[in-house]
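[1] after the sequence you'll find the predicted model.
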Amino acid sequence: MGCCKKFCCCLWCPCCFCLGTLRAFALLGAFLALLVALALGPVPVDIADDIGDLCEAVAWFRDTELSYTVASTENLQAWAEGCHAAFHQLQPEAQELLRNLQKTGRHRSEEVLREHGIEERTELWKWKTNRAVDNGTLIPETSPPFVDLSEIRQAFHDARVVRFDATKLLPKHMFNATLQDIERLHQKTIDETILYGTLGGGGLCRMFLLMPVSNLYPRLGRTMLFSALRLGLMAFQQLVCRLKPLPFWIENPERRKFLGSANINLKRLPNFGGTLDVPSRLGLKEDVAGMLALLWMGMVTEGPARSSFHTDVQDNILMELVSETVVMVVPRELFWQKPSNEEVSGTYFKVNLKPGEGIVIPSNYLHSVQHLHADRLGVNFFFEPRFGSMQWPNSSGNFYAETAKERKEHLAMRSLWFQSANEVWNKFGKGVPFHGWKMEIL
């Protein structure tokens, strides 16, 4: 102890000499405490009004445990403007709920900013499904009925899995397309169009660096420490994560094999399908506030497909453009409000979805997709409801209907978040939030 004390005293020599050892260490402790206080102290913020305060918080909304915000200063400035516009487009009830949240300060709480329980529930459902399939208590149904496009809204309403003719919804040039075709359609912007993969391409790297910042916002969001972390990790991920545009993967097909399932937000491909008004075609225009539209590619074999069962909160449709896939869909009623130790039995859908076909996947239905071919291209449209919409009557297990029973404020925050992301893309061409590590919300 004496040696340590002498060594420290040498480092602190001038103060030790002038003040004595104990006083010098007391001064050092006070200095460190001051540094901590400054780091955790509030940062002066320039927020014009209560809506601006809400918008600052909702930029850090996370719809899954793996979601994050691409929080450059430029992005956050664009978000503030887009969010103001989005707020005034919300239904009056949602605006009132959000104003009340802001008055109480709860708009920065984890309860409001995070979806809770989705990952745990999905893991349990996935485990029970694979066990039941192996045991033979879950029987595959291979032929859900075909319906007309005009019946898809009713299928969502009734929570039914159905197929439909995708060639009646999508333009001809999307079918049998290649990545080279997509590149030719977007020669001016394709070098900036990032392909996000499951296992490579920089998406995982960026998630690991930026997700902790999003995690810390509810506790440290307005401190010097948080600002320093945000700026530092944003700069660091630009150096090390090395996101690669689509042309790189076209030129290196052997490396593309290791991406697993990969996607691009269709809004970044306007000449291929990014400007389609799908909600209007399906009679959902009055129900839907925004849409997440993704172009999918890459192979997924049976083993990884079994391990990638998941649920999506939105009612959505999946369509195949080039090759056949195997889509597995398990109805939520087999699990919803059932004891966690109860064995699953009944039927699920295991569908060979052919090019030109689509399938309806209702909210919170467990599903997975096995991609059989390297040239696979498919499109997925997720329909984000207007506040209060698509909470179908008697729809037990529908995410929006169930959340509205106890957490309406959370749904209001989610509506502001999703519509803000749409506004930021429409006004500034920027992507800010990510659903998981590879799905850009625009």
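    Structure received.
[2] list the contacts of Ser150.
    Applying C-beta atoms under 8 Å, 6 or more residues apart in numbering to Ser150 gives the contacts Gly283. For every residue, glycine as well, the C-beta is placed using N, CA and C.
[3] hang on, it in a helix?
    Yes. Using DSSP: H, G, I helix; E, B strand; the rest coil, the assignment for Ser150 is a helix.
[4] enumerate every residue touching Glu343.
    128, 131-132, 135, 137.
[5] try 6 Å this time
    Counting by C-beta atoms under 6 Å, 6 or more residues apart in numbering, Glu343 touches no other residue.
[6] three-state assignment of it?
    coil.
[7] how near is it to Pro140?
    Per C-beta to C-beta, to the nearest Å, Glu343 is found 17 Å from Pro140.
[8] ditto for Arg160
    For Arg160 relative to Pro140 (C-beta to C-beta), the value is 17 Å.
[9] of these two, who's got more company?
    A side-by-side neighbour count of Arg160 and Pro140, using other C-beta atoms under 10 Å, places Arg160 first with 16 against 11.
[10] are we agreed that the more buried one is in a helix?
    No. Judged by three-state DSSP, Arg160 forms no part of a helix; its state is coil.
[11] for it, give me phi and psi.
    When read as degrees, to the nearest 10, the backbone of Arg160 gives phi -110, psi 140.
[12] Gly200 too?
    Dihedral angles (degrees, to the nearest 10) for Gly200: phi -160, psi -170.
[13] what's the local residue count around the closest residue to it other than its chain neighbours?
    By the measure of C-beta to C-beta, 6 or more residues apart in numbering, the closest residue to Gly200 outside its immediate chain neighbours is Leu259, 5.0 Å from it. Neighbours of Leu259 under the rule other C-beta under 10 Å: 22.
[14] how much space separates Leu259 from Gln91?
    40 Å.
[15] where does Gly378 fall, helix, sheet strand or coil?
    Gly378 - assigned by three-state DSSP - is strand.
[16] is it in contact with Trp296, as I believe?
    Yes. Look at Gly378 against Trp296 with C-beta atoms under 6 Å: they come within range, at 4.5 Å.
[17] and those two? Which one has more around it.
    Comparing Gly378 with Trp296 by other C-beta under 10 Å, the one with more neighbours is Gly378, at 24 against 21.
[18] so for that one, what's the pLDDT?
    Listed pLDDT for Gly378 reads 98.
[19] where does the stretch 251-400 of the chain dip in pLDDT?
    Along the stretch 251-400 of the chain, no part satisfies pLDDT under 70.
[20] what ranges do the helices span in it?
    Taking DSSP state H, counting those that start in this stretch as the test, the helices found in the stretch 251-400 of the chain are 253-256, 278-281, 302-307, 399-406.
[21] for Phe382, find the nearest of those helices.
    helix 278-281 (10.4 Å; C-beta to C-beta).
[22] let me see the backbone angles for the residue nearest to His371 when sequence neighbours are not counted.
    Spatial nearest neighbour of His371, excluding adjacent residues (C-beta to C-beta, 6+ apart): Val300 at 4.4 Å. With angles defined as degrees, to the nearest 10, Val300 sits at phi -140, psi 120.
[23] can you give me the strands for the stretch 101-250 of the chain?
    138-141, 146-147, 163-165, 196-197 (DSSP state E, counting those that start in this stretch).
[24] winner for burial among those?
    strand 196-197 (a mean of 24; mean count of other C-beta atoms under 10 Å).
[25] run the chain-centre distance for that strand.
    Centroid separation for strand 196-197 versus its chain: 13 Å, with C-alpha atoms, centre = their mean, to the nearest Å.
[26] stretch 341-348 now?
    Stretch 341-348 has its C-alpha centroid displaced from the chain centroid by 29 Å (C-alpha atoms, centre = their mean).
[27] and for stretch 136-150?
    28 Å.
[28] same check, this time on stretch 88-100
    The answer for stretch 88-100 is 23 Å, by C-alpha atoms, centre = their mean.
[29] who touches that stretch?
    Contacts for stretch 88-100 (C-beta under 6 Å, 6+ apart): 54, 387, 408-409, 412, 415.
[30] good, wrapping up.
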